[in-house]
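Undergrad: quick one, what's the 3D model for this:
(3 chains)
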Amino acid sequence: MTDNDTHDSTDEPTAAADGGVASAGQAHAETDYLGSEVNLLKPSTPFMRDHLRIIWTGFAVWAVVVFAPVTATVLAPGAMTTTMPVIGFPLHYFLVAIGAPGGALILAFWYARKRDELDEKYGIEHGGDGA
Amino acid sequence: MYDNILIPTDGSEAAQNAVEHAVDLAEQYGATIHALYVVDVDATNLTLGTEQVDRIRQGRIGEMPEVQAEADEATGLVADAAATRGVSVEEHVTAGSPSRAIRNFVADNDIDLVVMGSHGRSGLSRVVLGSVAEKVLRRTRVPVLVVDLNDEDE
Amino acid sequence: MTAGIDVAAAALAPAQAGILPEGLNVSFKLLPAILVSGMLAIFLAIGYVFKVADTEGMWVAGRSIGNVENGMAIGANWMSAASYLGMAALIATSGFYGLSFVVGWSTGYFILLIFMAAQMRRFGKYTAPDFVGDRFNSDTARAIGAVTTFLIGFVYAIGQARGMGLVGLYIFGDLGLLGLSGYQSMVVAMMAITVGYLTLSGMLGATKNMAVQYVILIVAFLAGLYVVGFTNGYSTVLPHIEYGALFSELGREFSEPFVNQGYYLWIATAFSLVVGTCGLPHVLVRFYTVENERTARWSTVWGLGFICLLYLSAPAFAAFGTDLYANQIGPVYQTAESAGMTTAAGDVIVVLAAQLSNLPTWFVGFVAAGGIAAAIATTAGLFITGSSAISHDIYKNLINEDATQRQQVFVGRLSIVALGVITTLAALDPAAPIAALVSYAFSLAGAVLFPMFFLGLWWENTNRQGALAGMTTGLVIWTIPMINEVVPAYGILAEAAGSDEVLSATLAQWVPAIGSALIAVPLVFVVTIAVSLATPEPPKETKQMVRQCHSPEPMGQQQTAEDAVTGDDGPAPADD
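TA: So this is what the prediction gives:
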């Protein structure tokens, strides 16, 4: 994706440079979210930065879990099609049929937990959560 | 004779047609007018999707500004007409199947008279589009005044 | 389509109009017919109760929907003929390539979760056309979105209709309507039931109803799996792992990678299904039924879990079915003497496996009923999504702004009938197996809607011109392979098609209809970004709406991104 410098942003970034002294909750309280630009590649608030870190980590792991086994099978078919002991699956089949969906589920759980932790760190509460 | 007069309105011309009659009666009898807009669940289902009906059912119509705006506009017209005559008015919004919702409202709110407009359809048009006025007429015990949209015969 | 499916299709071609799964016991069976009717009646009853239950007070927050319940509804969204029947079918007939569907349709939910669930919830709009219309301040974008939504519903439903038709043969037999073949009469009958169902109650999409649907369907599927596995000695408690032992007996085509379909097609398919998941109109609206974004996130996690329950089971079912077919009917894969299992038989492998296991008819009927219920429920939901696009986004917003609710209902009902008719016609002689047909819809969603959702939510400078350019590009890129591969199968342009039934083999290889989003998405991204950069930025309110979607501040009890920005003043103006 290209950089967006050609568009002048008329908004000043208002993310507080806290020098590490102010807490995340304080930074959150001081941030004007409606005044801060939203750009996937250029997070402009501390919260966005933290959130995007989680997102990109998750995405990277996801890409590996989903596409690595298939790619490995193309590159090294002999090794990848060896039969697994006990359960009898060819390795590539197991990694794809069970590893990918299972991995995605684990990642999803991980992400939701991380987001909850992030909310806690910034002192955000969602009232009346569903069960 | 009448203390509480109910005007169900869907914002259409037919509904507005009936407002004059209702306000006039209310003035004569010193009654309170209740303007009721029913968010038609069947219509919402087909136009916005069942998930939106779910939202309305949970009481979150505030999240749906267009739906709320239509309701406010429809009842607002009645309120304005009543205000010019100095008649007291209450605006209400509810959701469900229109004839049933109207019926329930009548039962729950001591309504003495229902005044509503009708498109006056007949034949195939009536079969396809139905008549809320007719259902309300049949299913309530209180007097119902139906004001047809057209003055002459169709 | 590629070699493996081609061969089967070619073997079928002369009898295409009369597709009949070989080995399937086609006859009317009373108990299964009662089971199907029973399932539909339950859905109807729940819908009726949902509709007539009183709403307390409009401004009082009522019961809210929890993580698990909404998760089940998300799972139910995926319990269509494609997942229930079509996936096992492709795994059986196309081996390792079939797994790209398992992967694409399940792992896509993670992408949905991290990039779109919460943000969409905060944006708060009603439908996909609403989103593009309001986010990009454009009635044209709304119209394109509505047309795309309608198309998606149509193409997706063709796959369901095929499923209904094939499985219906087992339960209802050959109806022999008006000289149509058994399969065709069944399609007509089932689609008529679906449209008729919708006139009685459209409330299938209500969360409670979806949760019940999920439970019924997963029970039918898992019961089928466990019993087939047990009675044939394949498995005991965990068929999802135990089917590994079967690999030595199944033909090598079952698991050997890249036998007929290469790496490129595998990647293209998986990619398309992932982005399609994130672009489907009826998937995203599930987040609006919950109260806040945290519930939106967690219910997606649960949803993925419920989906995995089905998706980890399908390959096992396919393995059992393949073995049974090979033992009792004939070679599954192409040999010198035989073309192998037809796509029609493949599409009903789930039912066939139960039947070939000599299980009691009522039980096989139960499994079959699940397949039909899944197809009917999905089709009904798709038709409602399509009808809302026509009645709300095109009719009310563009043609007649003063339309009353009653008028919109009329247009909506008309759209449903129209959808029913064209879907039935297209399904009478379907161009591909269930999973492939449904994938075309995913490719469309991935090419046109996903980029708009993603860029619209994650880059505030995406503007109207960019969106319009992008959506048009996506539509064009999707249409090209459809004309190249699918249209000739319906007899149009057939003379121009070569012996492999496509207009251009090179195009079919690099821009396959089943995975065209792989090419479309990057191109649409580039076009949208480039045009957005070259044209004026969107208005301040629009940018703030986007920022509101990412702000961690909890939304007020009843707020959308628009409210928070404009201060409850009503919808932002459309500039087109």
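
Undergrad: need phi/psi at B:Asp40.
TA: Backbone dihedrals for B:Asp40, given as degrees, to the nearest 10, come out at phi -70, psi 110.

Undergrad: measure the spatially closest residue to it that is not a sequence neighbour to C:Gly466 for me?
TA: Leaving aside its sequence neighbours, B:Asp40 sits nearest to C:Gln405 (C-beta to C-beta, 6 or more residues apart in numbering or on different chains; 4.5 Å). C-beta: built from backbone N, CA, C; applies to glycine. C:Gln405 sits 35 Å away from C:Gly466, going by C-beta to C-beta, to the nearest Å.

Undergrad: who has more neighbours, those two?
TA: C:Gly466 (27 against 22; other C-beta atoms under 10 Å in any protein chain shown).

Undergrad: what is the helix or strand hosting the more buried one packed up against?
TA: Assigned by DSSP states H and E, C:Gly466 belongs to helix C:464-481. Here helix C:464-481 touches helix C:128-135, helix C:139-172, helix C:450-458, helix C:505-510, helix C:517-534, going by 3 or more C-beta pairs under 8 Å, 6 or more residues apart in numbering or on different chains; DSSP states H and E.

Undergrad: let's see that with 7 Å instead.
TA: helix C:139-172, helix C:450-458, helix C:517-534 (3 or more C-beta pairs under 7 Å, 6 or more residues apart in numbering or on different chains; DSSP states H and E).

Undergrad: which one of those lies nearest to chain B?
TA: Shortest distance between chain B and these, using C-beta to the nearest C-beta, is found for helix C:139-172: 10.5 Å.

Undergrad: if you look at the following helix or strand past that closest one, does any of it touch chain B?
TA: Per DSSP H and E, the first helix or strand lying C-terminal to helix C:139-172 is helix C:182-200. No - applying C-beta under 7 Å from any C-beta of the partner chain, one finds helix C:182-200 separated from chain B by no less than 9.0 Å.

Undergrad: what's the angle from helix C:182-200 to helix C:139-172?
TA: Here the directions of helix C:182-200 and helix C:139-172 differ by 120 degrees (axes from the mean of the first three to the mean of the last three C-alpha atoms, to 10 degrees).

Undergrad: show me how far helix C:182-200 is from its chain's centre.
TA: Averaging C-alpha positions (C-alpha atoms, centre = their mean, to the nearest Å) puts helix C:182-200 19 Å from its chain's average.

Undergrad: tell me which strands and helices whichever helix or strand comes after it is in contact with?
TA: Remark: after helix C:182-200, the chain's next helix or strand is helix C:207-231, criterion DSSP H and E. Packing contacts for helix C:207-231, counted by 3+ C-beta pairs under 7 Å, 6+ apart, involve helix C:30-52, helix C:67-77, helix C:239-242, helix C:293-311, helix C:314-328, helix C:349-356, helix C:361-388.

Undergrad: nearest to C:Asn461, out of the ones you listed?
TA: C:Asn461 lies closest to helix C:293-311 among those, at 23.4 Å (C-beta to C-beta).

Undergrad: would you mark the buried spots in the closest one?
TA: C:293-311 (16 or more other C-beta atoms under 10 Å in any protein chain shown).

Undergrad: picking up where we left off before, could the helices and strands packed on helix C:207-231 be laid out in CSV, adding mean pLDDT and distance to B:Asn17?
TA: What follows is these, written out as CSV (pLDDT from 0 to 100; distance: least, C-beta to C-beta, whole Å):
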stretch, mean pLDDT, distance to B:Asn17
helix C:30-52, 86, 29
helix C:67-77, 92, 42
helix C:239-242, 87, 65
helix C:293-311, 93, 44
helix C:314-328, 91, 59
helix C:349-356, 90, 58
helix C:361-388, 91, 30
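
Undergrad: JSON lines for the helices and strands packed on helix C:464-481, including mean pLDDT and mean neighbour count?
TA: Formatted as JSON lines, the helices and strands packed on helix C:464-481 follow (pLDDT from 0 to 100; neighbours: other C-beta atoms under 10 Å in any protein chain shown):
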{"stretch": "helix C:139-172", "mean pLDDT": "93", "mean neighbour count": "27"}
{"stretch": "helix C:450-458", "mean pLDDT": "95", "mean neighbour count": "26"}
{"stretch": "helix C:517-534", "mean pLDDT": "95", "mean neighbour count": "21"}
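
Undergrad: which SS class is residue 63?
TA: Went with chain A since none was named. Here A:Ala63 is helix, with the state taken from DSSP: H, G, I helix; E, B strand; the rest coil.

Undergrad: my bad, chain C
TA: C:Arg63 ends up coil, using three-state DSSP.

Undergrad: low-scoring stretches of chain B, by residue?
TA: For chain B, applying pLDDT under 70 flags the ranges B:120-130, B:151-154.

Undergrad: in it, what residue is nearest chain A?
TA: Nearest residue of chain B to chain A (C-beta to the nearest C-beta) works out as B:Gln58 at 10.8 Å.

Undergrad: isn't that residue up against C:Phe50?
TA: No - using C-beta atoms under 7 Å, B:Gln58 makes no contact with C:Phe50, being 11.9 Å away.

Undergrad: count the residues that sit near residue 45.
TA: You didn't pick a chain, so chain A it is. 25.

Undergrad: try again with chain B
TA: B:Asn45 has 27 nearby residues by other C-beta under 10 Å.
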